[in-house]
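Peer 1: With the input below, show me the fold.
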Amino acid sequence: MADAFSVIPASVLRNLSDKLYEKRKNAALEIEGIVKQLASSGDHEKISAVIKLLATEFTGSPQANHRKGGLIGLAAATVGLSSEAAQHLEQIVPPVLSSFSDQDSRVRYYACEALYNIAKVVRGDFIIFFNKIFDALCKLSADSDANVQSAAHLLDRLVKDIVTESDQFSIEEFIPLLRERMNVLNPYVRQFLVGWITVLDSVPDIDMLGFLPDFLDGLFNMLSDSSREIRQQADSALSEFLLEIKNSPSVDYGRMAEILVQRAAALDEFTRLTAITWINEFVKLGGDQLFPYYADILGAILPCISDKEEKIRVVARETNEALRSIEANPTENFDVGGILSIARRQLDSEWEATRIEALHWISTLLNRHRAEVLCFLNDIFDTLLKALSDSSDEVVLLVLDIHACIAQDPPHFRQLVVFLVHNFRIDHSLLERRGALIIRRLCVLLDAERVYRELSTILEGEADLDFACVMVQALNLILLTSSELSELRELLKQSLVNAAGKDLFVSLYASWCHSPMAIISLCLLAQTYQHACAVIQSLVEEDINAKFLVQLDKLIRLLETPVFAYLRLQLLEPRQYIWLLKALYGLLMLLPQQSSAFKVLRRRLKTVPSYSFDGGNLKRAASGNPYSQILHHSGSQITEDGDIDQDNGNLQNGINFASLQQFKQMQQQHHMLAKSRAQSRNSSTSFLKEGPK
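Peer 2: Have a look, this model is predicted:
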């Protein structure tokens, strides 16, 4: 230190700490000259002493003017050293960097100025301090003083120039520093960081693309900045990187895909659009690198398909189609279970378009990787079953397609039908709204006979008798009216002459017994008219209620449709179809005379040729009622319409009706349930009237 005082006059040191800038500047010029002379003589020991004096006595002083003088003095010493300054940088630069955090804004300003002048002299030699300089500049970019910011910007531009021309800059050491600051919210810092990213990316020898995953998330963060300028800068940087990715033979798609998936769900619209655009390009470019990330990517795409912004929806749909068109092998890290999990989760989406695409994915996986999908069936089956209650018809139809594909295996078929019945039982509105749609579609996909047989088997043992009755009536109406079930109707029409038809009739009969009107409809369809008569005549007071009459009204109207054209034509041959006539008259007698159904059926019966039965010959009836003799004929010689033969008791063309016992027993259960409820209601009413005792 003594050497320094002997070298630098006291007046110079005094002026260096003066409050006037001009005096400090002149003192710095004198120090520059002194150091230059010492350098020319090679006396670096004294130079070190001078630098140490400036650093400790001035830049470390509690007096602001001393600190200002010390900074300008260090810059002057560096200028004096010129080409030999590099060997003294370890002494010169640290005190200047420390001054960047000085509480006095003027000191911070002079620190920027000093380092600027030092950098101009040493250029690439000060790269060893780059990380510390970068850290200091990052803080100063958001300085509260405008002059300090301005000075920092000038220094920043110089440092960038030096870095771009230096071959000593280490991108590996710089990236952690950049990554730590990428999530800072200050707009000035963000501009500073984007500026550095852009500059470094423009340097051919620096591979910023290889480190993109380290700061990609931060760039996406900036897309939602309140400053338009920052958004544009971030977008420009991202666009440039995406272009480089397209032209690069080697890219780490995986790490970036994880970031993009998260950003695709951002609240900011522009961020979502940019993320989904990147994902779109990755799907096209990534190939097998992306196989392990397909599930996550799909999780990002599906919600965007229903985005409120049309541009996002368009890109998301394009990406979704591109992703689905790629056929991958599960042995190639293609996660079938992961994709199924994502699709299942998206079935709970509030958006119909997303749910539809999720179902398309499940269907695609079933077609391509059936064995793998069935391994995960327990994870998705319940959700698929619940989706049958979806508010969208298109969703329900797609779900049914998937269920049909799964139900190719008998256990799954049984599970599906059981759940359907369960769903209809707990939600009667579903049966009303969607029952016909679901049943008809399943009949198309899984064979109508198979579906109806399974439903009948389940309903035969149904404990909830009211539900069983409603369900059977719904199935019966679908059977009689749906075009998809025309083949099933044709088979039932042959019940008396065809073993397969008879077997189907018997299969349905057991459950159809829950509803008298359903049984009568089934018998009319199967042309077992004699049994229809027996059922009608077996009806008791409890059977003839409002619900029954509503069902009967529907049946009468159905008799006028093309489905029952064969039945109406059979009325042209009353001798051969005497039981049909008797059944129809039986129905007529059950209807209230003032009802429209009564009038419709009566008009139809009036068109029947007026013949009566007499000793095996047909004669015109003279009585007022042309059918009186027919309807009172014992039928002992007629086993079934169209088949005049000996009486075989309850065995009609191979169908054993067991003297109506099956039907009567089922109806008895319904009657007992109705009486039990009536008694319960009466007891409750009596209790309310009498009050507690």
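Peer 1: Give me the nearest residue to G435, chain neighbours excluded.
Peer 2: A474 (5.1 Å; CB to CB, 6 or more residues apart in numbering). Backbone N, C-alpha and C define where each C-beta goes, glycine included.
Peer 1: Tell me how far the one you found lies from L437.
Peer 2: 12 Å (CB to CB, to the nearest Å).
Peer 1: So which of the two has more stuff around it?
Peer 2: Shown here are A474 and L437; by other CB atoms under 10 Å, A474 has more neighbours (19 against 15).
Peer 1: Now do the same for the more buried one: its pLDDT.
Peer 2: In this model, A474 is scored at 94, pLDDT.
Peer 1: Burial check on the residue lying closest to Q346 once chain neighbours are set aside, number of neighbours?
Peer 2: Closest residue to Q346 apart from its sequence neighbours, by CB to CB, 6+ apart: A358 at 3.9 Å. By the criterion of other CB under 10 Å, A358 has 27 neighbours.
Peer 1: now swap in A448 and tell me
Peer 2: If we define neighbours as other CB under 10 Å, then A448 has 23 of them.
Peer 1: Was I right to think it contacts L485?
Peer 2: Yes - taking contacts as CB atoms under 8 Å, A448 lies within contact range of L485: 5.2 Å.
Peer 1: if we can go back for a sec, double-check that the residue nearest to Q346 belongs to a helix.
Peer 2: Yes - under DSSP: H, G, I helix; E, B strand; the rest coil, A358 sits within a helix.
Peer 1: If I follow the layout properly, it ends up in contact with D348?
Peer 2: No - with contacts counted by CB under 8 Å, A358 stays clear of D348, the gap being 9.3 Å.
Peer 1: Quick check: pLDDT value at the residue most central in space within the chain.
Peer 2: Taking CA atoms, centre = their mean, the centroid of the chain lies closest to Q346, which sits 2.5 Å from it. Here, the pLDDT recorded for Q346 equals 94.
Peer 1: What of the one 10 residues further on?
Peer 2: pLDDT, I356: 96.
Peer 1: burial count for it?
Peer 2: As a burial measure, I356 scores 21 neighbours (other CB under 10 Å).
Peer 1: tell me the pLDDT at the spatially closest residue to S144 that is not a sequence neighbour?
Peer 2: Take S144 and drop its neighbours on the chain: the residue closest to it by CB to CB, 6+ apart is S105, 7.4 Å away. pLDDT recorded at S105 is 93.
Peer 1: For L437, see how far away E229 is.
Peer 2: 55 Å.
Peer 1: Please apply the same query to V107.
Peer 2: 80 Å.
Peer 1: how about the residue nearest to the centre of the chain, what does it touch?
Peer 2: Shown in contact with Q346 (CB atoms under 8 Å, 6 or more residues apart in numbering): 299, 302-303, 354-355, 357-358.
Peer 1: For the nearest residue to H369 once chain neighbours are set aside, the count of nearby residues, please.
Peer 2: Nearest non-adjacent residue to H369, counting by CB to CB, 6+ apart: V336, 5.3 Å away. V336 is flanked by 19 other residues according to other CB under 10 Å.
Peer 1: So what does V336 look like in phi/psi?
Peer 2: phi -60, psi -40 (degrees, to the nearest 10).
Peer 1: repeat for Q149
Peer 2: With angles defined as degrees, to the nearest 10, Q149 sits at phi -60, psi -50.
Peer 1: State the distance from the residue nearest to it when sequence neighbours are not counted to D102.
Peer 2: Distance criterion CB to CB, 6+ apart; nearest residue to Q149, sequence neighbours excluded, is D143 at 5.1 Å. According to CB to CB, D143 stands 11 Å off from D102.
Peer 1: who touches both of these two?
Peer 2: R108.
Peer 1: which residue ranges form the helices in the stretch 201-350 of the chain?
Peer 2: Listed in chain order, the helices found in the stretch 201-350 of the chain under DSSP state H, counting those that start in this stretch are 212-222, 228-247, 253-263, 269-286, 294-304, 310-325, 336-346.
Peer 1: does F505 count as helix, strand or coil?
Peer 2: Assigned with three-state DSSP, F505 falls in the helix class.
Peer 1: Look at it and report its pLDDT.
Peer 2: Reported pLDDT for F505: 94.
Peer 1: Contacts only, for the residue nearest to G435.
Peer 2: Taking CB under 8 Å, 6+ apart, one finds 431, 435-436, 439 in contact with A474.
Peer 1: Shouldn't it be within a helix?
Peer 2: Yes - under three-state DSSP, A474 falls within a helix.
Peer 1: Against L385, how distant is it?
Peer 2: In terms of CB to CB, A474 sits 19 Å off from L385.
Peer 1: same thing with R368?
Peer 2: In terms of CB to CB, R368 sits 23 Å off from L385.
Peer 1: F467 against R425, yeah?
Peer 2: Yes - using CB under 8 Å as the test, F467 is close enough to R425 to be in contact (5.0 Å).
Peer 1: related to what we said a few turns ago, among the helices of the stretch 201-350 of the chain, which comes closest to A49?
Peer 2: Among the helices of the stretch 201-350 of the chain, helix 212-222 comes nearest to A49, with 43.9 Å by CB to CB.
Peer 1: So which elements touch the closest one?
Peer 2: Under the contact criterion of 3 or more CB pairs under 8 Å, 6 or more residues apart in numbering; DSSP states H and E, helix 212-222 touches helix 171-181, helix 187-201, helix 228-247, helix 253-263, helix 269-286.
Peer 1: Could you pull out the buried residues of it?
Peer 2: 212-213, 215-222 (16 or more other CB atoms under 10 Å).
Peer 1: can you check stretch 400-417 too?
Peer 2: Within stretch 400-417, judged by 16+ other CB under 10 Å, the buried ones are 400-407, 412-413, 415-417.
Peer 1: Same check on stretch 105-114?
Peer 2: Those would be 106-114, for stretch 105-114 by 16+ other CB under 10 Å.
Peer 1: Which residues outside that stretch are in contact with it?
Peer 2: 64, 67-68, 71-72, 74-75, 96-97, 99-102, 140, 143-145, 147-148, 151-152, 154-155.
Peer 1: Count the neighbours of V314 for me.
Peer 2: V314 has 14 neighbouring residues, counting by other CB under 10 Å.
Peer 1: so what's it up against?
Peer 2: V314 touches nothing, counting by CB under 8 Å, 6+ apart.
Peer 1: That one and F564, how far apart?
Peer 2: Distance from V314 to F564, by CB to CB: 52 Å.
Peer 1: Also I259?
Peer 2: From I259 over to F564 the distance is 66 Å, taken as CB to CB.
Peer 1: Show me what the helix or strand containing G80 is packed up against.
Peer 2: Assigned by DSSP states H and E, G80 belongs to helix 64-81. With contacts taken as 3+ CB pairs under 8 Å, 6+ apart, helix 64-81 sits against helix 10-16, helix 21-41, helix 44-53, helix 89-99, helix 105-122.
Peer 1: Mind putting those helices into a markdown table with distance to Q665?
Peer 2: Shown next, in a markdown table, are those (distance: least, CB to CB, whole Å):
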| stretch | distance to Q665 |
| --- | --- |
| helix 10-16 | 118 |
| helix 21-41 | 115 |
| helix 44-53 | 113 |
| helix 89-99 | 99 |
| helix 105-122 | 100 |
